[in-house]
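S.K.: Predicted model and sequence follow; I will ask about them next.
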Amino acid sequence: MKKQFIIFFSIVFSFLTVVNTYIFFRLNTLFPPDYFWLSTTIFIILALGYIIGRQLEKSYGGPISRFIVYSGSFYLAVMVYLLLGFLITEPVYIINVLFPGTRDTIDFVSFKNRQTISAYVAAAAVLLTLAGYINARMVRIKKLNLSIGKSAGKLKSLRIAMASDIHLGSIIGPRRVRGLKDKLNSLKADIILFPGDILDEDLGVVIRNDLGKLLREISAKYGVYAVNGNHEYIGGVNEADKYLTEHGIKLLRDEAVLIDESFYVVGREDRSSNSFAGKKRKKLDELLTGLNKNLPVIVLDHQPFHLNEAEENQVDLQLSGHTHHGQLFPFNFITKKVYELSYGYLQKGNTHYYVSCGFGTWGPPIKTTARPEILLIELSFGS
């Protein structure tokens, strides 16, 4: 696990170094000449802020580390849109350099024009980031009515509340968790499901802020069930599971539970279990062996790969998250290519699927691809 983390960190750090070097040379026309070195220093601190802050908070979770994390995470979003904006203008700049005669029509080479372009790109990046910050805090309740053609014992219907990718930690702190708790309890659901990434990587911040106290106040008739996501594994899955279990969350780790003799909830271990814990998760057909498939089967699987497996095994409903639908535009176009379903509802045969864009955010508290959500499913049984 340590080796994988070092490799991952090295790749991310190298990428950030290349991107920010490019942005610096395009942006530095805006730095006041008398304060060039001060501006450069501030730029470097912002560029490294998220990484520095996340390391600081492991040993010191006070307001300083939180400020650094917040500042650095905001810059990550600004960085994406600075890069996008400068890349859009880059072809004209290259043409101007290679063919000087084109500067008579449009000139992106002169210092004054480069300064103006940089100012426009920077302003657009900041405005997009602010809009994404506002959007990320406007959690909506999304309702979905589904019907399953099976009998569920004495139940005629089931009211499910689902929230994926909460990412409790530095960014998703007490205020946001209190809002989550209040919204979930107001729905008066029969059961609450969390399909992974309840925690961000650092459990220490969660403990210091006593976020578990708020989790314990979330309630439903049949309880709160969850599975691990990749972030529970990144931060240490056994410690994460112990904390969540102690605070009222029932973790399903490659296991199925029959609820009220009426329906099953099956929790799959995350795909990252092999990479981070050296343990392969069970195949879906193994998990379903011995279950009465005449009863409804609901599967929680954090990462929505190989959706056909659920259909082939007569699963009635699969709930996933993980994708964040890219979180920042234009990454949603990438997640659409990677996943059969990046966000929303899909039906394959008799199997219903829903992939949530998530309640929280990872990294920047910014979301420009979709509004964060809590899903309310009204599930009816019978023909």
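M.R.: Everything's here; your move. Keep in mind the model is a prediction, meaning the values are calculated, not measured.

S.K.: CA atoms for contacts and neighbours, from now on please.
M.R.: Will do.

S.K.: quick one: the residue located most distally from the centre of the chain from residue 107, how far?
M.R.: The C-alpha centroid of the chain is most remote from residue 101, which lies 47.6 Å away (Cα atoms, centre = their mean). Distance of residue 101 to residue 107, computed by Cα to Cα, to the nearest Å: 10 Å.

S.K.: how about the nearest residue to residue 228, chain neighbours excluded?
M.R.: Leaving aside its chain neighbours, residue 228 sits nearest to residue 196 (4.6 Å; criterion: Cα to Cα, 6 or more residues apart in numbering).

S.K.: And the protein, split by domain according to the record?
M.R.: Per automatic domain parsing, the structural domains of the chain span 2-135, 141-381.

S.K.: What's the mean pLDDT across the first one?
M.R.: Rounded to a whole number, the mean pLDDT of domain 2-135 is 89.

S.K.: Distance from it to the middle of the chain?
M.R.: 22 Å (Cα atoms, centre = their mean, to the nearest Å).

S.K.: Is residue 265 part of a helix or strand, or is it coil?
M.R.: At residue 265 the chain is in strand, as set by DSSP: H, G, I helix; E, B strand; the rest coil.

S.K.: Check it and give its pLDDT.
M.R.: On pLDDT, residue 265 comes in at 98.

S.K.: Tell me what it is bridged to.
M.R.: Using DSSP bridges, the bridge partners assigned to residue 265 are residue 257, residue 298.

S.K.: Could you report the separation of it from residue 298?
M.R.: Distance from residue 265 to residue 298, by Cα to Cα: 5 Å.

S.K.: One more: residue 104?
M.R.: Using Cα to Cα, we find residue 104 at a distance of 65 Å from residue 298.

S.K.: Which of the two has more residues huddled nearby?
M.R.: Regarding residue 104 and residue 298, a neighbour count based on other Cα atoms under 10 Å identifies residue 298 as having more, with 21 against 8.

S.K.: Do I have it right that the more buried one meets residue 317?
M.R.: Yes. The pair formed by residue 298 and residue 317 meets the contact definition of Cα atoms under 8 Å, at 4.8 Å.

S.K.: And for the nearest residue to residue 154 once chain neighbours are set aside, the neighbour number?
M.R.: Nearest residue to residue 154, sequence neighbours excluded (Cα to Cα, 6+ apart): residue 262, at 6.8 Å. Other residues near residue 262 number 16, with proximity taken as other Cα under 10 Å.

S.K.: quick one: buried residues of stretch 43-54?
M.R.: 43, 46-54 (16 or more other Cα atoms under 10 Å).

S.K.: Reformat the residues you listed as a markdown table; add secondary structure and distance to residue 160.
M.R.: Converted to a markdown table, these look like this (DSSP: H, G, I helix; E, B strand; the rest coil; distance: Cα to Cα, whole Å):
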| residue | secondary structure | distance to residue 160 |
| --- | --- | --- |
| 43 | helix | 46 |
| 46 | helix | 41 |
| 47 | helix | 41 |
| 48 | helix | 41 |
| 49 | helix | 39 |
| 50 | helix | 36 |
| 51 | helix | 37 |
| 52 | helix | 39 |
| 53 | helix | 37 |
| 54 | helix | 34 |
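
S.K.: ok, those residues vs residue 137, which is closest?
M.R.: Here the nearest of these to residue 137, counting by Cα to Cα, is residue 50; it sits at 20.0 Å.

S.K.: Around the closest residue to that closest one other than its chain neighbours, how many other residues sit close by?
M.R.: In space, and not counting its chain neighbours, residue 50 is closest to residue 72: 4.1 Å by Cα to Cα, 6+ apart. Residues near residue 72, counting by other Cα under 10 Å, number 24.

S.K.: Ok, residue 168 next?
M.R.: Residue 168: 25 surrounding residues under other Cα under 10 Å.

S.K.: Next, it: phi, psi?
M.R.: When read as degrees, to the nearest 10, the backbone of residue 168 gives phi -60, psi 130.

S.K.: Spit out the contact partners of it.
M.R.: Residue 168 sits next to 177, 198-200, 206, 211 when contact means Cα atoms under 8 Å, 6 or more residues apart in numbering.

S.K.: same question, residue 367
M.R.: Contact analysis of residue 367 by Cα under 8 Å, 6+ apart lists 132-133, 135-136, 327-328, 361.
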